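**Student:** Predicted model, plus sequence, below.
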Amino acid sequence: MGFTIAQGLLLVLLIASTMAVSTARPIGNSKHTKTPKRIIVGGTNNWKYGFDYPTWAIEHGPFYINDTLVFKYDPPTNKTFPHNVYLLPNLDSFLRCDFTNAQKVANETQGAGEGFEFVLKKPWQPHYFACGVGAHCFNGTMRFFVLPIYHWFR
């Protein structure tokens, strides 16, 4: 099963906007030094069902090598839904929410407290993240991707 033309066009737009923001360089003669950031996925919303993570990722990019993504979520109880974090292997798996060859990087309890940390180590390689619980990925919001880049220095 493939993806629709609309999904393909949306993906091209997302990648193009990510690349445009990611490759922007500082203007002038100023030295641009950047230390790795610790970024809480979803900000104050944390990692939860119903939040728009694709938009969040676009608005909070660019993401750089050695930045740390922090996934914070409550452990499952009678009052909370469980969550986890998967790293999907490719675009097709991401678009179809196919977890067959995905790597579970955080289980249902690892988001508690200070959260689960994932350091972005692979430059220019998309990292596709999703929640593998129920329909959390399928509704299109509890999944996102980042394309970490090197810091540019002038």
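**Tutor:** Received it, and whenever you're ready, just let me know what you need.

**Student:** For this protein, just list every one of the helices.
**Tutor:** With DSSP state H as the criterion, the chain has helices at 5-22, 53-60, 91-96.

**Student:** Which of the ones you listed comes out lowest on mean pLDDT?
**Tutor:** Mean pLDDT is lowest for helix 5-22 among those, at a mean of 48.

**Student:** how about low-confidence regions in this structure?
**Tutor:** Counting by pLDDT under 70, the chain has low-confidence residues at 1-34, 152-154.

**Student:** what ranges do the strands span in it?
**Tutor:** Along the chain, the segments classed as strands by DSSP state E run 38-40, 68-71, 85-88, 103-106, 116-119, 127-130, 143-146.

**Student:** Turn the ones you listed into TSV, including mean neighbour count.
**Tutor:** For glycine as for every other residue, the C-beta is placed from the backbone atoms N, C-alpha and C. Below are these laid out as TSV (neighbours: other CB atoms under 10 Å):
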stretch	mean neighbour count
strand 38-40	15
strand 68-71	19
strand 85-88	22
strand 103-106	15
strand 116-119	16
strand 127-130	22
strand 143-146	23
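
**Student:** between those strands, which gets nearest to Trp56?
**Tutor:** Closest of the strands of the chain to Trp56 is strand 143-146, at 6.8 Å (criterion: CB to CB).

**Student:** Give me the contacts around the closest one.
**Tutor:** 14, 18, 41, 53-54, 56-57, 61, 63, 69, 88, 94, 97, 120, 126-131, 137 (CB atoms under 8 Å, 6 or more residues apart in numbering).

**Student:** What of stretch 123-141?
**Tutor:** Stretch 123-141 is contacted from outside by 41, 47, 49-54, 65, 69, 81-91, 93-94, 97, 99, 102, 104, 108, 118, 120, 142-150, using CB under 8 Å, 6+ apart.

**Student:** Any idea what Glu117 is bridged to?
**Tutor:** When assigned by DSSP bridges, Glu117 has beta-bridge partners Val70.

**Student:** who's in contact with it?
**Tutor:** By CB under 8 Å, 6+ apart, the contact set of Glu117 is 38, 68-71.
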